[in-house]
Structure formats: structure tokens, C-alpha cells
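Peer 1: predicted coordinates and the sequence they were generated for:
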Amino acid sequence: MSILIISIIVIALAFDFLNGMNDAANSIATVVSTKVLTPLQGVIWAAFWNFAAVFIFGVHVATTIGKGIVDANIVNEYVILSALIGSIAWVGICTKFGLPISVSHSLIGGLIGPALVIGGGDALVAQGIIKVSLFIFLSPIIGFLLGYLIMIGTMWAFRKRSPRKVDGVFRGLQLLSSAIFSLGHGSNDAQKTIGIITILLFSTGHLGGEFHVPTWVIFASYTTIAVGTLAGGWKVIKTLGTSLTHLKPVQGFCAETAGAITVISSTLGGIPVSTTHTITGSIMGVGSVQRLSAVRWGVAGNIVLAWVLTIPATILVGGGFYLLLRLFIPAIA
């Protein structure tokens, strides 16, 4: 294996680290904002369950990333490098400013950019891109609706209990719901790095003639995303956990449960969704039960703007970096 391939794998794992760092907020924003766990306890809890997902879920999402976004025949090490540079640049900027963007979609945009440079629209797998694009809109809507309905159902089920007793019950249950959401986060998001490393190995002839996911890639990716979660993304945690709406333990439980159902279902279906979009929609759905004004829609608007810009921005950066490589490496197509 060449130094270039090894270097790109290291960069892919750095992307995985940033994924965990930015998306730590998705797993623990609610459990921290309700003061069930401290921020430090929250990231340790989320990191453990992020890694535990390696033993539970398959590699359906990794396969979609590896073969379902761009034509595998046009992929080379420089395409993967450009995709990762575009993704890391965008994720790093958004994490710095506390914007909980979709790391998943930044990677997908990063892949599309150089693919367009090489083969135009023919280099894209339309079915996979349509599926991913559809869930940019569907995952937060599903999260919103599930969060709203679960909150309504919970309020009805506990309508005769005192607020203090309800709070006590759901402080414990929220540990369970955050653990399940962290499992979903690890399963869906770690697999995106697994997919990108696997297509790199496949396209450079290191997997033989058949696309398959090596075990070492699986464990390396899950370990790295867990370490990234431990590092935390404190500004993002603040945005989701305190700036979007005020949450109590029962609301945190409902939001996490709605998010977990959406993300795990998508993972089992091989759909690389955004855990950020999903949990944000769930939090907004839960907050809307009380009253629409309970949601800080200005903050929500900034988050949505970052979502909309993610794929176009990473297409430009990834494609631009590939064009730059062409200038200095004549052998690149």
C-alpha cells in the first residue's frame, strides 16, 4: 500500500473524528440540557454507545456510500482525497461557528464535486443521490412528527402524575433514550467513513475484484468516531441543547426516542441520513407541543440555511480541489 493511500486513509479517519466531534451534540444535547448528565459525562456516555454499534449493525450505509453515489469506475485516490478535503473544510468551519450541519451530506457533496469534473452527470448514480436528497427533507420532518406525537402520547399517559414524579421517571429513561440514539448515530455515521475508505481500497486494487468491507476498516472507523465524540463539539452542543428550545427530561426522552427510531430505521434501509437533521427536527417537534413560540425559529432558520448550503459548498470545494490537483499532477484524468 502506497504512502498516498495510507495518507488518505488517515485523512478519512480525521474526517471521522470531526464527524464525532460535530455530531456529539446530536447524541447528548438533550441529556445535557436537561442536566441529567454533565457535558463530560454526556460525551463519555455517547462515545461508549457510538462504539457499541459496531457489534449490532451491518454495513448497508457503507455500501451505499461506496457504490451508490458516484460511478465506482471513475473513482481514484485523488477523487477520494478531494472529497475528504471538501468535507473536512466545511465541517471544520461549521463546527467553529457552532452550526450543527450534516457531516453525511458534506461527504456526499465532496464526492459529487470531482465526479462532475471527471464525467459530468454521467458519473453520478442518480438513484442513490435522489434517495439521499429526499431524506434531507424527510428525516427532519419525520423526526418532527414523531417527536410531536410521542410527546403528545407521553403527556396523555402521565397526565395524572405530578410534574415532580414525571421528572424523576424520565431522568432515568432519558439515559436509555440517549444511549439508543447514540447507537443509531454510531451505526449511520461511522459507516460513511467505512464506505469512503472501502471504495478507496477497491478502486486502487487492494480488495481484489469484489467490493467488500474489511473488518479492520469497520473497527478503525467506529473507534475514531467514538474518540471524536469524546473530544466534543461544545458550541454545537450549546446550539442544539439550549439555544433551540428549553427542554425538560420528559421532552428530552421524547426527542431522543423519535430521533433514534428515524436514524436506526434509515440505517437498516441503507440510507445515509443526517443525524443532525433528525434530532433537530425531533427537538422542534417536541418543543412545538407546548407552543410554537417555544421553538426559537431564528436559530432554527440559521441551522436550515447551513443544511441547504452544505452539498453545494462541498461540491464546489471538492471539485475545485480536484481541478487544483490536475494542475500539479498531469497524470490525473
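Peer 2: Cool, got the structure.
Peer 1: low-confidence ranges, the stretch 1-150 of the chain, go.
Peer 2: 22-27, 29-30, 95, 98-101 (pLDDT under 70).
Peer 1: try 90
Peer 2: 1-2, 14-76, 86-109, 119-123, 125-141, 143-144 (pLDDT under 90).
Peer 1: what of the stretch 201-333 of the chain?
Peer 2: If you take pLDDT under 90 as the line, the stretch 201-333 of the chain has these spans: 202-213, 222, 225-256, 259-260, 263-313, 326-333.
Peer 1: if we use 50, what do you get?
Peer 2: 244 (pLDDT under 50).
Peer 1: would you map the strands across this protein?
Peer 2: Using DSSP state E, the strands of the chain do not appear at all; there are none.
Peer 1: which residues touch Tyr147?
Peer 2: Check again: residue 147 is Gly, not Tyr. 254-255, 258-259, 281-286 (CB atoms under 8 Å, 6 or more residues apart in numbering). No exception for glycine: its C-beta is placed from N, CA and C like everyone else's.
Peer 1: now it: how far from Thr34?
Peer 2: Applying CB to CB, to the nearest Å, the value for Gly147 to Thr34 is 15 Å.
Peer 1: I'd guessed Ile152 sits against Val286; true?
Peer 2: No: taking contacts as CB atoms under 8 Å, Ile152 lies outside contact range of Val286: 9.7 Å.
Peer 1: and these two? which has more neighbours close in?
Peer 2: Counted by other CB atoms under 10 Å, Ile152 and Val286 do not tie: Val286 has more neighbours, with 33 against 14.
Peer 1: distance check, that one against Val125.
Peer 2: 36 Å.
Peer 1: can you tell me how far Val54 sits from Ala231?
Peer 2: Computed as CB to CB, the Val54 to Ala231 distance reads 19 Å.
Peer 1: looking at those two, which one has more neighbours?
Peer 2: The neighbour count for Val54 versus Ala231, taken as other CB under 10 Å, is higher for Val54 (20 against 14).
Peer 1: the more buried one contacts Phe219, correct?
Peer 2: Yes: using CB under 8 Å, Val54 is in contact with Phe219, at 6.4 Å.
Peer 1: state the number of residues packed around the nearest residue to Gly42 once chain neighbours are set aside.
Peer 2: In this structure, Gly42 finds its nearest non-sequential neighbour in Ile28, 3.6 Å apart by CB to CB, 6 or more residues apart in numbering. When neighbours are counted by other CB under 10 Å, Ile28 registers 30.
Peer 1: just Asp122 next, same as before
Peer 2: Neighbours of Asp122 (other CB under 10 Å): 11.
Peer 1: how about the contacts made by it?
Peer 2: The neighbours of Asp122, taking CB under 8 Å, 6+ apart as the test, are Asp71.
Peer 1: same for the longest helix along the chain, what does it pack against?
Peer 2: Across the chain, the helix with the greatest residue count (assigned by DSSP state H) is helix 163-203. Under the contact definition 3 or more CB pairs under 8 Å, 6 or more residues apart in numbering; DSSP states H and E, helix 163-203 sits against helix 3-33, helix 39-52, helix 60-67, helix 77-96, helix 103-119, helix 215-231, helix 249-268, helix 275-290.
Peer 1: now the third one, how far from the centre of its chain.
Peer 2: For helix 60-67, the distance from its own C-alpha centre to the chain's C-alpha centre is 14 Å (CA atoms, centre = their mean, to the nearest Å).
Peer 1: now do it and helix 103-119, the angle between them.
Peer 2: Between helix 60-67 and helix 103-119, the angle comes out at 20 degrees (axes from the mean of the first three to the mean of the last three CA atoms, to 10 degrees).
Peer 1: elements contacting helix 60-67?
Peer 2: helix 163-203, helix 249-268.
Peer 1: put the alpha carbons of it into CSV.
Peer 2: Taking Å, rounded to 0.1, in the frame of the first residue of the first chain, the C-alpha atoms of helix 60-67 are listed here in CSV:
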residue,chain,number,x,y,z
HIS,A,60,-25.7,-1.2,4.4
VAL,A,61,-24.9,2.5,4.7
ALA,A,62,-21.2,2.0,3.9
THR,A,63,-22.2,0.1,0.8
THR,A,64,-24.4,3.0,-0.3
ILE,A,65,-21.6,5.5,0.1
GLY,A,66,-19.1,3.2,-1.6
LYS,A,67,-21.2,2.3,-4.6
